[in-house]
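Trainee: Build me a model from this:
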Amino acid sequence: MELTKRQSQILNWIVKDYINFVKPISSEFIEKKHKIGISSPMIRIEMQRLTEKGYVEKPHASAGRVPTDKGYRFFVDRVMERMREKTIDIGEWIKEEIEDAIKLTHLLTKYLAEETKALTLSYLKEKEILFKEGWDVLKEPEFEDKSLVSKFLKFLVEFENKIDVFGKEKEIEVFIGKEIPIRGGKDFSLIFSKFYLPDEKESFFALLGPKRMNYSKNISLLNSLKKFLEKI
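Mentor: Okay, the predicted model is just below:
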């Protein structure tokens, strides 16, 4: 079902505000924060329509809404369209000799982990070297639920064992929840991209974390990294 322009706008705000504020987003919150000239009751009606269409859901005992996988997918698809040409200058972070693929990969892995707040993995396929940085992701509010920590660690092991499932596409790929083609990923998101580093035929970077991640920034960073590496 198609969304109206107003519904698309409200869904965009729900996703962005939920990512930033980590709480269900109410119609009153949208009215006060965005001052769009639409009354709270009218926003509430549109939010109900978004719920009926499967883009948002209402957590138990909450007046607000949170995105579903479908809602995140709607948001991410539009982020991907906007980010194709947008880049961030990352050259200033490259302090070491870029001809050394191992040093460069480790440096970029640490950089991405710091900037994205996601668990960042990189893999040098020819050398079979895997780097992991960004364990602070476990400090995200979602992981206050210790059972989710256990699920995340099991999912990570499954991902490492099934690396070859990914990287079929040239473009950056975003997998949300049940879209992840390996066991145990329904509560998480994965952003994956293939790269070609100095002296390496094929490598990749992957960002793993809760579905409530900063897709706009993370996709832009990976896009910028791809363009940077194409020049060296």
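Trainee: Pull up the gap between the residue nearest to Val165 when sequence neighbours are not counted and Trp13, please.
Mentor: Spatial nearest neighbour of Val165, chain neighbours left out: Pro181 (5.6 Å); criterion: Cβ to Cβ, 6 or more residues apart in numbering. Bear in mind the C-beta positions are built from the backbone N, C-alpha and C, glycine included. From Pro181 over to Trp13 the distance is 30 Å, taken as Cβ to Cβ, to the nearest Å.
Trainee: Can you point out the buried residues in the lowest-mean-pLDDT helix or strand in the chain?
Mentor: Least confident helix or strand, the chain: helix 215-230 with a mean of 87, by mean pLDDT, DSSP states H and E. Across helix 215-230, burial judged by 16 or more other Cβ atoms under 10 Å covers 215-226, 228-229.
Trainee: Dump stretch 181-194 to PDB, restricted to CA.
Mentor: Output of stretch 181-194 as PDB, limited to C-alpha atoms (Å, rounded to 0.1, in the frame of the first residue of the first chain):
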ATOM      1  CA  PRO A 181      19.900 -14.400   5.700                       C
ATOM      2  CA  ILE A 182      21.400 -16.200   8.600                       C
ATOM      3  CA  ARG A 183      20.000 -17.600  11.900                       C
ATOM      4  CA  GLY A 184      19.500 -15.300  14.900                       C
ATOM      5  CA  GLY A 185      19.400 -11.900  13.200                       C
ATOM      6  CA  LYS A 186      15.700 -10.900  13.600                       C
ATOM      7  CA  ASP A 187      16.500  -8.500  16.400                       C
ATOM      8  CA  PHE A 188      19.400  -6.700  14.700                       C
ATOM      9  CA  SER A 189      20.600  -4.900  11.600                       C
ATOM     10  CA  LEU A 190      23.600  -5.500   9.400                       C
ATOM     11  CA  ILE A 191      25.200  -3.100   6.900                       C
ATOM     12  CA  PHE A 192      27.600  -4.800   4.600                       C
ATOM     13  CA  SER A 193      29.900  -3.600   1.800                       C
ATOM     14  CA  LYS A 194      32.600  -5.200  -0.300                       C
END
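Trainee: Show me where the chain has its strands.
Mentor: Remark: strands assigned in the chain by DSSP state E are 56-57, 66-67, 119-124, 129-133, 173-176, 188-195, 203-210.
Trainee: Can I get those in CSV including mean neighbour count, distance to Ile36 and mean pLDDT?
Mentor: Shown next, in CSV, are these (neighbours: other Cβ atoms under 10 Å; distance: least, Cβ to Cβ, whole Å; pLDDT from 0 to 100):
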stretch, mean neighbour count, distance to Ile36, mean pLDDT
strand 56-57, 20, 17, 96
strand 66-67, 22, 19, 96
strand 119-124, 24, 36, 94
strand 129-133, 16, 40, 95
strand 173-176, 21, 27, 96
strand 188-195, 23, 28, 94
strand 203-210, 23, 28, 95
